[in-house]
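K.L.:
I'll drop the sequence and a predicted model, then ask my questions.
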Amino acid sequence: MDGDACRRCNRIALACKPYGAQWYAAPLNSEANAMTNKKQPSARQPAETPAGRTENPFLDVEFYQRMRDYTERDAAFSKELKAIGDSGAGKHSTDIREAPSLSLLRAVVKKGLSLETMLGRMTQGVELGLWEPWMSAFGIEIRGVNYAKTEQRNARLALDMSLACKVNSVFVNAGVVNWRSLVAQDCAQIQIDKPTEKSGAKVYAIFFLDAPGK
């Protein structure tokens, strides 16, 4: 058939050639063939954007409870600990007096005082010799504090969140089973110490107390 009069392809300068029982159109111009056969450059891949903070699935209490249905306590702790490590500190509320995740803990009374009262007295700069025993009753380590009575405390407090920590029962008895993940959302820093032959993994949530600017 004449390419100019081809009714099958309705294109100019094409020659229709039989291929078995089918017909196909091929360009008459060999230059066009050569251009068509040239390898096209691959599309440029977009530049990778910096990865954001990994979401911790254990913030969802239903997800946590489903996991606990088929996971033993130690293994469940390890899974949540890994998720916390991957996600890191959320820094949503870094002052220990204000963090929503610690509201239950601040109401607990030990040594005749609630944690909230203890923190208030520390901020006021009174009863200096009692600060460390107060905090240790809650598994909180004072890693830095200003003892001057007329200045801000600028304290750095590390809350133990390890498997057998002192405050675990406070949250579990209140039904807050994924409390570690919630605390990690508020704290300023997460510290995870790998297990050794003598002790298991340690995890700490670092908070501030009466820091400059507060």
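P.N.:
All right, it came through fine. Numbers count the residues shown, from 1 in each chain.
K.L.:
walk me through the domains of this protein.
P.N.:
7-35, 72-209 (automatic domain parsing).
K.L.:
export those domains to TSV and tack on mean neighbour count and distance to Thr54?
P.N.:
(Glycine included, C-beta is placed from N, CA and C.) Converted to TSV, those look like this (neighbours: other C-beta atoms under 10 Å; distance: least, C-beta to C-beta, whole Å):
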stretch	mean neighbour count	distance to Thr54
domain 7-35	11	48
domain 72-209	17	5
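K.L.:
nearest to Glu62, of those?
P.N.:
When the domains of the chain are compared by C-beta to C-beta, domain 72-209 sits nearest Glu62, at 9.7 Å.
K.L.:
so which residue is smack in the middle of the chain?
P.N.:
In the chain, the residue lying closest to the centroid (C-alpha atoms, centre = their mean) is Ser87, at 2.1 Å.
K.L.:
mind listing what that one touches?
P.N.:
Ser87 makes contact with Arg53, Thr54, Glu55, Asn56, Ala184, according to C-beta atoms under 8 Å, 6 or more residues apart in numbering.
K.L.:
where does the first one land in three-state SS?
P.N.:
Here Arg53 is recorded as coil under DSSP: H, G, I helix; E, B strand; the rest coil.
K.L.:
if we can go back for a sec, make TSV from the domains of the chain and add mean pLDDT and distance to Arg66 to it.
P.N.:
What follows is those, written out as TSV (pLDDT from 0 to 100; distance: least, C-beta to C-beta, whole Å):
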stretch	mean pLDDT	distance to Arg66
domain 7-35	43	57
domain 72-209	96	11
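K.L.:
many thanks, I have nothing further to ask.
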